[in-house]
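K.L.:
Return atomic coordinates for the entry below.
(one chain, ligands or ions: 1)
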Amino acid sequence: MKYGYFDDAAREYVITEPKTPWPWINYLGNEEFFGLISNTGGGYCFYKDAKFRRLTRYRYNNVPVDVGGRYYYVKDGDVVWNPGFKPTQTPLDKYECRHGLSYSRFSSEKNGVGAELTCFVPRGATAEVHKLTLENRSGAGKSLKLFSFVEWCLWNAQTDMENFQRNLSVGEVEIDGSTLYHKSEYKERRNHYAFFSVNAPIQGFDTDRESFIGLHDGFEAPQAVREGAPRNSEAHGWSPIASHYLEIDLAPGEKRELVFVLGYVENPEEEKWESKGVIDKRRAKGLIERFDSVEKADAALAELKNRWDGLLAGYRVCTGDEKTDRMVNIWNQYQCMVTFNMSRSASFFESGIGRGMGFRDSNQDLVGFVHQVPERARQRIIDIASTQFEDGSAYHQYQPLTKRGNAEIGSNFNDDPLWLILSVTAYLKETGDWSILEESVPYDNDEAKATPLFEHLTRSFDFTAKHLGPHGLPLIGRADWNDCLNLNCFSTDPNESFQTTENKAGGQAESLMIAGQFVLYGREYARLCRKLGKAEEAARAEGEVAKMVESVKKHGWDGKWFLRAYDFFGKKVGSEENEEGKIFIESQGFCTMAEIGKEEGLCEKALDSVGERLACEHGIVLNNPAFTKYVIEYGEISTYPPGYKENAGIFCHNNPWVAIGETRIGRGDKAFDYWKRIAPAYREEISDLHRMEPYVYSQMIAGKDAFKPGEAKNSWLTGTAAWNWVTISQYLLGIQPDYAGLRVDPCIPSDWKEYVVDRRFRGVQYRIVVKNPSGVCRGVKRLVVDAEELPGNLIPLFEAGTKHEVEVVLG
Ligand code: BGC
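P.N.:
This is a model prediction of the structure:
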């Protein structure tokens, strides 16, 4: 069952039923100011950091789900309704929510009144703009009463939910014409405030929640709205809000357009006060003025659309399969931008107060994003590398506002350092900007300890090389990519976190996933050294990698697949010998991507085993058989019910590793099949089962052992976005950025005849036509660039600004 449809020409998903199986959300903003907005207007906004600078309140895990947002109440006689359906849930005569690229538009109608509400964050603005149009489509005159509503948060969203003895006394507001200011704690220590304005005179307002809603009422029936009478309240403590009241008379056919601005301002020290206790509002007024007419708001929205035209023009495909094309050309790239912006901080599954930016997560997100805005990727690399320690290990997470590592979660996730090699080499290949390697980058944010970025890579590589266990395989530390495989933890206390609790000393647990990662990114490191003319260092790295390959073959092969690990006691994890968890996905993915033992047929065997034991119709599960009891020496993985999360869930993040592995042995049909199983556009028809948005990937789909296989959770912020982008764009469609040009190495379904990729690469526009006359999956037989046949499969670099025609024939 579907709840809407894709409008590919408009680049929108159109939701036609407000009661979706879960709130289906969108993101506003791409730079510093962000909003989360659901298909019923729920959500919140923040400046840079959802924990420290949250403007509006959001209560997660609420009943009913998803209440609280930017709400507009239309009172038409006795009927009160919302253009986004919630919170009144008054049945609408027409409802449509279009989630587009960085904007959402609600179009609804009730009793002959039409409403259109478009919400977006204009480029370069620290504000949301809401353009609201009310139109009388009935035959009689209408006297409408309109109430806007947002509820302010105290900006440290964490204490907002904990420290009521303080918070309920600090609220302060100012009311200035049609602008309502929230200035709690704006004194010597704080220079930021928020405001909500409308570009028309108002006939009333409220800034105190209790006065507006009533203490015993809810968002669905605020007393001021019910009675059609604002209280003109001024908040002193308790819960400040902002609500405008407008009386709107519309003759038949008449419409009224309004522009609301919900913004954030920081004042410099010398511009803090207008007079004693009164904030200097010049910056807010400047921001409001930028969008104080419909023309200005429309122009800002058009600019945003142009921006997306430009961003998406970096990679465009035409395969003839509309689902593939919409994933590649629109939604996957869009999700990559969002995960790059948010890491794992703020979604409808991540509260914005817990995790900040993950070290491993952000490095992986970068590979999905680097072709869009490479300058931002550059800064991100430097921010991430600045949280690395001198020994090459790293803080597992850092806070976006301060850019400092989170001490509470600390370090020792031993896969972390190697992801930096992935992101830096991806950046170099995309941009050719070698200067980044010379940038002076601190360790643990201490400038005194800075070295060139290149040295960070050496230390990343060496951290693994120097932390090997008894089988010559990398020590796992707290955990590797799989946060829940805690081999040194031995937790018996249900109140402690597996991720932060003290690990048992003397742990020798080793990871085959990190081994594969070391081979793959160690080779990248060695290749980079060669490029830089560091032949000795390259040879040293190649030597270490060769040793690792031998260790994997000797100690990491179980007969039909790669082991997952050795536990604290040196026992095999992910082996036929085990009762549960005989086979895991991560080591199959990484060891096959690294092509370990490919010549001896190990990759093929391992991938066949994945197909037999882990794959199911909804994707590839993480392990099999699922754990049915808690295994103290494995940790959190065995606490989940079978089929969920890391315990045999379809953890979508690592499905692409297997798909890429399949391309390494030339099995394009299989690789494409795996890609399709989890790609949301292919799951749209089963939206009632899948439950999450059909336009973005979810972190997890319940696996074959679950109560309800196929049910997804945790949409949006997942490494799945970047990895699927890499899979489809580089390994299936086969257009791979490389140091000296674009390498073409498609691995496609054998029945594909032809497709075209338009790729912008280092300022050059390439049109690449791939033809498959003999129905193969892989193998470039002929490469013609601008009518000249070239050997091999590398399209060379050209001068920026030029355009080139490429023909690739497979066979
Ligand atoms: C985390 C990743 C981790 C994955 C598997 C995600 O929630 O963000 O860092 O690799 O879970 O445990």
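
K.L.:
Mind listing what's buried along stretch 460-468?
P.N.:
Buried residues in stretch 460-468, counted by 16 or more other C-beta atoms under 10 Å: 460, 461, 462, 463, 464, 465, 467, 468. All C-beta spots, glycine's among them, are computed from the backbone N, C-alpha and C.

K.L.:
Likewise for stretch 441-459?
P.N.:
Counting neighbours by 16+ other C-beta under 10 Å, one finds that the buried residues in stretch 441-459 are 441-443, 445, 450-451, 453-459.

K.L.:
How about stretch 662-681?
P.N.:
Of all the residues in stretch 662-681, those buried under the rule 16+ other C-beta under 10 Å are 662-665, 667-672, 674-681.

K.L.:
Identify those among those that sit within helices.
P.N.:
Those of the buried residues of stretch 662-681 mapping onto helices are 662-664, 668-672, 674-678, per DSSP state H.

K.L.:
so can I have JSON lines of the residues you listed showing pLDDT?
P.N.:
What follows is those, written out as JSON lines (pLDDT from 0 to 100):
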{"residue": "662", "pLDDT": "99"}
{"residue": "663", "pLDDT": "98"}
{"residue": "664", "pLDDT": "98"}
{"residue": "668", "pLDDT": "98"}
{"residue": "669", "pLDDT": "98"}
{"residue": "670", "pLDDT": "98"}
{"residue": "671", "pLDDT": "98"}
{"residue": "672", "pLDDT": "98"}
{"residue": "674", "pLDDT": "98"}
{"residue": "675", "pLDDT": "98"}
{"residue": "676", "pLDDT": "98"}
{"residue": "677", "pLDDT": "98"}
{"residue": "678", "pLDDT": "98"}
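
K.L.:
Closest to residue 285 out of these?
P.N.:
Comparing these against residue 285 with C-beta to C-beta places residue 678 closest, at 48.3 Å.

K.L.:
Distance check, the closest one against the ligand.
P.N.:
To the ligand, residue 678 is 15 Å away according to C-beta to the nearest ligand atom, to the nearest Å.

K.L.:
how many neighbours does the closest residue to that residue other than its chain neighbours have?
P.N.:
For residue 678, ignoring the flanking residues on the chain, the nearest one in space by C-beta to C-beta, 6 or more residues apart in numbering is residue 619 at 4.4 Å. Residues near residue 619, counting by other C-beta atoms under 10 Å, number 29.

K.L.:
Could I get the contacting residues of residue 619?
P.N.:
650, 652, 655, 674, 677, 678, 701, 703 (C-beta atoms under 8 Å, 6 or more residues apart in numbering).

K.L.:
Grab the two from those that are most spread out in space.
P.N.:
Spanning the widest gap among the contacts of residue 619 are 674 and 703, at 14.3 Å by C-beta to C-beta.

K.L.:
Output the below-cut-off pLDDT ranges for this protein.
P.N.:
The chain contains no residues with pLDDT under 70.

K.L.:
near the ligand, which residues of it show up?
P.N.:
Contact residues (C-beta under 6 Å from any ligand atom) of the chain with the ligand: 344, 358, 360, 361, 481, 482, 483, 484, 646.

K.L.:
any idea which helix or strand comes after the helix or strand harbouring residue 418?
P.N.:
Using DSSP states H and E, the element containing residue 418 is helix 416-431. Using DSSP H and E, the next helix or strand after helix 416-431 towards the C-terminus is strand 440-443.

K.L.:
what residues does that next one touch?
P.N.:
382, 385-386, 388-390, 448-453, 456.

K.L.:
Only alpha carbons, please: show it as CSV.
P.N.:
Output of strand 440-443 as CSV, limited to C-alpha atoms (Å, rounded to 0.1, in the frame of the first residue of the first chain):
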residue,chain,number,x,y,z
SER,A,440,48.4,21.8,9.8
VAL,A,441,45.9,19.8,11.9
PRO,A,442,46.0,19.4,15.7
TYR,A,443,45.5,16.2,17.7
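
K.L.:
Residue 769 in helix, strand or coil?
P.N.:
Look at residue 769: counting by DSSP: H, G, I helix; E, B strand; the rest coil, its state is strand.

K.L.:
ugh, wrong one, residue 5
P.N.:
Going by three-state DSSP: residue 5 is strand.

K.L.:
how many other residues sit next to the nearest residue to it once chain neighbours are set aside?
P.N.:
Spatial nearest neighbour of residue 5, excluding adjacent residues (C-beta to C-beta, 6+ apart): residue 14 at 5.5 Å. Around residue 14 there are 17 other residues, counting by other C-beta under 10 Å.
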